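1. next one to model:
(2 chains)
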Amino acid sequence: MENRTDKNSYTLLFAVGMVIVVGGILAFLASSLSPAIAQNEKIEKQQNILYALGINNNEGTSANFIDAALAPEEFKKNVTEQLVLTFKDGSIVKTQTRQEYMDEANQEPYLIDVKKQQNLQKTEGTRLLPLFVGKNPEGKTLYVAPIRGKGLWDAIWGYVAVDEDMIVQGAYFDHKGETPGLGANIKQTYFMDDFTGEHLLNESGVFKGITVAKGNADPKNNDKNDYEVDAIAGATITGDGVTAMIKKDLGLYVPYFKTLKK
Amino acid sequence: MGLLSKKDSKLISDPLLDNNPITIQVLGICSALAITAELKASIVMSISVLFVLGVGNVVISLMRNIIPSKIRIIVQLVVVAALVIIVDQVLKAYAYELSKTLSVFVGLIITNCIIMGRFEAFALGNGPWRSFLDGIGNAAGYGFILILVGFFRELLGSGTLLGFPVLGDPIEKTGLYSIGYENNGFMLLSPMALIVVGLIIWVQRSRNKALIED
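-> Got it, this is the predicted structure:
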């Protein structure tokens, strides 16, 4: 027995066999489960957007989405339009409605891959910016924009709902692998709710963004005009990532909101 | 002990106390530092490791006579990685919410040295049933310390347990905070996990002198 497993030919054969068997199992599993996973991810995006609009099952301090089974119907009802803005060399050159975009790309605008678009912006200077128009439970029209950036360990992303003055009305953040208890807390209500009411533009209409700040001496976040929210202790880099993605991605939408005011 | 023989039950009880993977064998320290800032994460991690180590030990034990010794570490790595990925994919398809909670831990489970350590030290030389018990025992010992550390770090660092504010509201100054108590933000940072583990080791060795090495 000992001799047989020590032989080089056996070792090689075993390694090859193992790779084929394990690879086969994983490939079979991945391809048979992928439709269900894709469906789950689609519903999650809908839930994220609805969350930012204020349509959620929040109870107390924990963030809860609306039921996955209800999400597609609620999404259809509450998100009245999905605009696709084409950004090129610093300005928005084209605005498409959902129908126009669907005819062209055969894909729902909310499924636009933000990461891919960010790369396109880097390489070609052009990028599609989805913007979801919907009504919050009070009946106010809000605009939800997806944003994406880097945290400490991996990607972070979010959906920010603003009104036509670019005052934040709701935000949802999520992350791939931030530290539990520290950076992962960006998806806690106490952090996300702080953004509500914050202004993104100053009085003269210049985009200021929102900084996740350590020393703003405003833990209750009463001052909504300081372009700052209170940071999470022990999550400096994740917080800086949130600041950066708001500045970088939301800033691109400013020209569109200027056209709304005219 | 009708269910387990004395020798078998020692496989479970030993790693819980006098041969604890974290405090005695000093394995799995990395994940103990990384995810114990809150109690919930500690519990999730403990359950995940319990599952992976229990099943993984059985798989390795069943294969112990056919694994070529020259590449046994690679085989162990493949087994644990495949197991974790299978679980992750199935959860993603059928229990999406749960899979999102677990996503952070997937990488940490694969690289957890307790798992490789038990494969190497026990499952390669013992039968499936005993390997299973050894896996459960060690994972429980690991989880026990993890939950203990998570309990103190969340309580003293954030003033909450499982997210519930048990000490009052630090901003509104209610409960304990009204008499001047403050959260210790340092508890949330990884070095304090090491210090808490150190304190546990101290307590354990002062209660059982046999554990002290010269």
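2. quick one: contacts for residue A:245?
-> A:147, A:148, A:149, A:150, A:156, A:157, A:158 (CB atoms under 8 Å, 6 or more residues apart in numbering or on different chains). Every C-beta, even on glycine, is put in place using the N, C-alpha and C of the backbone.
3. can I get the buried part of those residues as one ChimeraX selection?
-> Buried subset of those, written as a ChimeraX selection, criterion 16 or more other CB atoms under 10 Å in any protein chain shown:
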select /A:147,148,149,156,157,158
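4. the contacts of residue A:245 in strands, which ones?
-> Among these, DSSP state E puts A:147, A:148, A:149, A:150, A:156, A:157, A:158 in strands.
5. what about chain B, any weak spots by pLDDT?
-> B:1-3, B:214 (pLDDT under 70).
6. residue in it nearest to chain A?
-> Relative to chain A, the nearest point of chain B is residue B:37 (2.7 Å; CB to the nearest CB).
7. now do the same contact list for that residue.
-> A:179, A:180, A:181, A:182, A:234, B:150, B:153, B:154, B:157, B:188, B:193.
8. please report how far it lies from residue A:214.
-> 18 Å (CB to CB, to the nearest Å).
9. gap between the residue nearest to residue B:170 when sequence neighbours are not counted and residue B:40?
-> Nearest non-adjacent residue to residue B:170, counting by CB to CB, 6 or more residues apart in numbering or on different chains: residue B:177, 5.1 Å away. The gap separating residue B:177 from residue B:40 is 22 Å, by CB to CB.
10. check residue B:138 too.
-> Distance from residue B:138 to residue B:40, by CB to CB: 22 Å.
11. again, but for residue A:10
-> 46 Å.
12. cool, and residue B:112?
-> Residue B:112 is 18 Å from residue B:40, by CB to CB.
13. more neighbours, those two?
-> residue B:112 (27 against 16; other CB atoms under 10 Å in any protein chain shown).
14. by residue count, what's the longest helix in the chain?
-> Picking chain A for this. helix A:8-53 (DSSP state H).
15. switch to chain B, that's the one I care about
-> helix B:128-158.
16. the following helix or strand past that one: how far from the chain's middle?
-> Going down the chain from helix B:128-158, the next helix or strand is strand B:160-161, by DSSP states H and E. Here the centre of strand B:160-161 is set off from its chain's centre by 20 Å, with CA atoms, centre = their mean, to the nearest Å.
17. what's strand B:160-161 in contact with?
-> B:38, B:39, B:151, B:154, B:155, B:166, B:167.
18. the helices in chain B, which residues?
-> Under DSSP H, chain B gives helices at B:6-16, B:29-34, B:39-62, B:72-94, B:96-110, B:113-121, B:128-158, B:190-207.
19. next one: chain A
-> Using DSSP H, helices in chain A cover A:2-6, A:8-53, A:71-78, A:98-105, A:114-124, A:189-192, A:236-245, A:254-261.
20. ok, which of those helices comes nearest residue B:83?
-> helix A:8-53 (10.1 Å; CB to CB).
21. the closest one near chain B anywhere?
-> Yes - Helix A:8-53 reaches chain B (CB under 8 Å from any CB of the partner chain) through A:10-11, A:14-15, A:18, A:22, A:25-26, A:29-30, A:33, A:36-37, A:40, A:44.
22. what residues does chain B put near chain A?
-> Applying CB under 8 Å from any CB, one finds that chain B approaches chain A through B:34-38, B:40-41, B:65-71, B:74-75, B:78, B:82, B:85-86, B:89-90, B:92-94, B:96, B:103-104, B:107, B:153-154, B:157-158, B:163, B:171, B:185, B:188-189.
23. from those, keep the buried residues only.
-> In those, the ones that pass as buried (16+ other CB under 10 Å) are B:34-38, B:40-41, B:67-68, B:70-71, B:75, B:78, B:82, B:85-86, B:89, B:92-93, B:96, B:103-104, B:153-154, B:157-158, B:188-189.
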